[in-house]
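3D model of this:
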Amino acid sequence: MLKNLNIKDLILVDEAHIELGSGLNIFTGETGAGKTALLTAIDLLMGGRADSEWIRQGQQMAVVEAELSDFSSVLLKDLEIAPNLKTVTIRREIHASGKSRCFIEDSLVSVGFLRTFMQSVIEMVDQNSAYLLQQTEEQRKILDLFGKLEKESAILEGLYLAHKKTKELLDETLLKKEAKEKELENFKEAVSFIEEVNLKEGEEEDLSYLHTTFSHAQKRLELVSSVADGLTGALVCLGPLLSPLTQVATLDPTLQPLETTLKTTLLEIKELERTVHSYLENIEIDPNKLTSIEERLAQIEKLRRRFGVSFEEIQKQKIFFLNEIEKLSSLDSYLSELQKKEQDLSKEVLFLAENLFEKRKKVAHFFSARILEELKSLNLPKAEFQVQITRKPLSSTGIDAISFIFSANPGTPLLPLDQCASGGEISRLLFAAKTILAEEDSIRCLIFDEIDSNVGGQTASILGEKLKKMAQKSQILCVTHFVQVAKHAAHHFSVSKEERNGQAITLVKKLLGIAREKEYDRMIGIKNAYLDEMTRGIS
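I've put the predicted structure just below:
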């Protein structure tokens, strides 16, 4: 519940410190006095939209702060907050720059976190709530809340979204499979070609050398043959010279070195001739082998153009292709798993949807009866109300189309709320629903913003009694113009406006004793003046 509400520089509020109590807290005041600022402040604490235009004129920042008790501490476990706190302080700041900041016990939190935290603490019931009541989605939520079906509804929604996601993934995988089948064939062909070529490390360099050797074999044969012939001719010419030179050297020892040189030269020429003839014998002229080498080199060149220049690059490509083939080959297995999962989820979602459909139909009967009881007590004795449930295509909420149908007067057909109910009737329907749900809901604080609008004085008196009864379980804050409602307050606050230093200022005061009686007189005066004006207009 809300214990204290402090407002500073918001709209027309200069500074307000409001000590709220348990039970029914009533706020009254003339139209335009500033009750909107109070509701805006609470909405900000609930994570509502912030607008820098709400900062009081001449100020740079507006601050709203509240002290809460009886809250859920589960969401606070990740914040640096002392455990087992009995109260917690919430603060919202709006800066002139447009920035808004949220704090829980001085720990900065996001607006989304604040909104989630406050959902279990405060609920605002206003004209927008009356509008929402006419929406089928809100009607479903109310029915589920009454029947304690929120958990089953949430499970169904989760499974439906899981099934939807699985179905989308399955469709994507099927499309991928069609595209990948061609890709798989390409990968397999690439690996087959790499393995067929079977390139060895250093093979291309060896083949290039052999190609050069074989392609010039004939030319080498011709040139080396001429060298061999020349060497043979040299031996023929020089050989006969050795004998005469030897004889002369015996007669003239000075010629012995010349003899030795000739002998050495003849030996070297003979060794050279032998080596050349050996080389000639090893020259291989084989056009077929040359063709084979050229074909192999062409095959390797094709391999390089497709998969990389070096041996290492080609091997890396092969490993990549093999990995992709393995992945794509396992796609069928993955697809089978997805298909089974999708089928299982589909069956489970349909089973839960059917089960929830039957439960909602049963709950609808009891809810309709309870609403009728409340409507009769709210001065609509001839009203008829039903929860109409028909089948619809499966969605995240189930297979049921839920519609609240209503008739305020005998003889008129039951129709959806947006086609038949007046403002006052919608207000009473909304109040009836909140009265019933207050017995089931865990909300600690309910705020009613002029829930009694568009109703008469007699109905307002009944509303006051019901608010007082409802406040026995939950703290109630209510803005009203009716004395019949205000008189049931455990705590009564007046909202008024005065001029200070040339500016309009909103004041909030707690009323006690005589001050409350004076406020009742003022409220009755306003009502009487309004009725007098209406009477003059009619006459």
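
so Pro381 sits in a helix?
No: counting by DSSP: H, G, I helix; E, B strand; the rest coil, Pro381 is located in no helix; its state is coil.

How much space separates it from Val387?
Using Cβ to Cβ, to the nearest Å, Pro381 is found at 20 Å from Val387. Placement of C-beta: from N, CA and C, glycine included.

Kindly tell me how buried the residue nearest to Gly308 when sequence neighbours are not counted is, as a neighbour count.
In space, and not counting its chain neighbours, Gly308 is closest to Ile314: 5.0 Å by Cβ to Cβ, 6 or more residues apart in numbering. Ile314 has 18 neighbours, counted by other Cβ atoms under 10 Å.

I'd like the numbering to begin with 53 instead of 1 from here.
Okay, residue one is now 53; in that scheme the one you just asked about reads as Ile366.

who's in contact with Ile366?
Ile246, Leu251, Leu355, Arg356, Phe359, Gly360 (Cβ atoms under 8 Å, 6 or more residues apart in numbering).

Between Pro433 and Val439, which is the more surrounded one?
Val439 (22 against 10).

Would you check that that one makes contact with Phe419?
Yes: with contacts counted by Cβ atoms under 8 Å, Val439 reaches Phe419, the gap being 5.8 Å.

Which of the contacts of Ile366 sits closest to Leu469?
The nearest member of those to Leu469, counting by Cβ to Cβ, is Phe359 at 71.4 Å.

distance between stretch 204-216 and the chain's centre?
Using Cα atoms, centre = their mean, to the nearest Å, the distance from the centre of stretch 204-216 to the centre of the chain it belongs to is 16 Å.

can you pull the buried residues of the helix or strand that contains Lys521?
Using DSSP states H and E, Lys521 maps to helix 509-522. For helix 509-522, burial by neighbour count (16 or more other Cβ atoms under 10 Å) applies to Thr511, Ala512, Ser513, Ile514, Leu515, Gly516, Lys518, Leu519, Lys520, Met522.

just stretch 106-126 next, same as before
Counting neighbours by 16+ other Cβ under 10 Å, one finds that the buried residues in stretch 106-126 are Trp106, Ile107, Arg108, Met113, Ala114, Val115, Val116, Glu117, Ala118, Glu119, Leu120, Phe123.

after the helix or strand where the residue nearest to Gly360 lies, next one along is what?
Using DSSP H and E, Ile366 sits within helix 363-381. Counting by DSSP H and E, the element after helix 363-381 in chain order, helix or strand, is helix 383-429.

could you check the angle helix 363-381 makes with that following helix?
Relative orientation of helix 383-429 versus helix 363-381 (axes from the mean of the first three to the mean of the last three Cα atoms, to 10 degrees): 50 degrees.

who does helix 383-429 touch, helix- and strand-wise?
Contacts defined by 3 or more Cβ pairs under 8 Å, 6 or more residues apart in numbering; DSSP states H and E place helix 383-429 against helix 188-198, helix 202-249, strand 436-447, strand 450-459, helix 475-490.

and of the ones you listed, who's closest to Gly75?
Closest to Gly75 of the helices and strands packed on helix 383-429 is helix 475-490 (Cβ to Cβ; 13.2 Å).

what inclination does the closest one have with respect to helix 383-429?
Going by the same axes, to 10 degrees, helix 475-490 makes 110 degrees with helix 383-429.

and the residue lying closest to Leu293 once chain neighbours are set aside, helix, strand or coil?
Residue nearest to Leu293 in three dimensions, not counting chain neighbours: Leu314, with 6.6 Å by Cβ to Cβ, 6+ apart. Put simply, Leu314 is helix when judged by three-state DSSP.

Look up how far Val328 lies from Leu314.
21 Å.

ditto for Leu76
For Leu76, the distance to Val328 - Cβ to Cβ - is 126 Å.

In terms of neighbours, single out the busier of these two.
Leu76 (25 against 18).

quick one: that one from Thr532, how far?
Applying Cβ to Cβ to Leu76 and Thr532 gives a distance of 10 Å.

got it, and Asn250?
93 Å.

Compare these two (neighbour count), which wins?
Thr532 (26 against 9).

quick one: contacts for that one?
Ile78, Phe79, Thr80, Phe500, Glu502, Ile503, Asp504, Ala512, Ala538.

now do 10 Å
Thr532 is in contact with 78-81, 87, 500-505, 512, 515-516, 519, 538, 540-541, 575, counting by Cβ atoms under 10 Å, 6 or more residues apart in numbering.

same thing with Glu67?
Asn58, Ile59, Lys60, Asp61, Arg108, Val115, Ile557, Leu559, Val560.

ok, so of those, who is nearest Pro462?
So of those, ranked by how close each gets to Pro462 (Cβ to Cβ), first place is Val560, at 45.2 Å.

Three-state assignment for the nearest residue to the closest one once chain neighbours are set aside, please.
Leaving aside its sequence neighbours, Val560 sits nearest to Ala68 (Cβ to Cβ, 6+ apart; 4.5 Å). Here Ala68 is recorded as strand under three-state DSSP.

burial measure for Arg153, as a count.
For Arg153, using other Cβ under 10 Å, the count is 16.

Distance check, it against Ile194.
34 Å.
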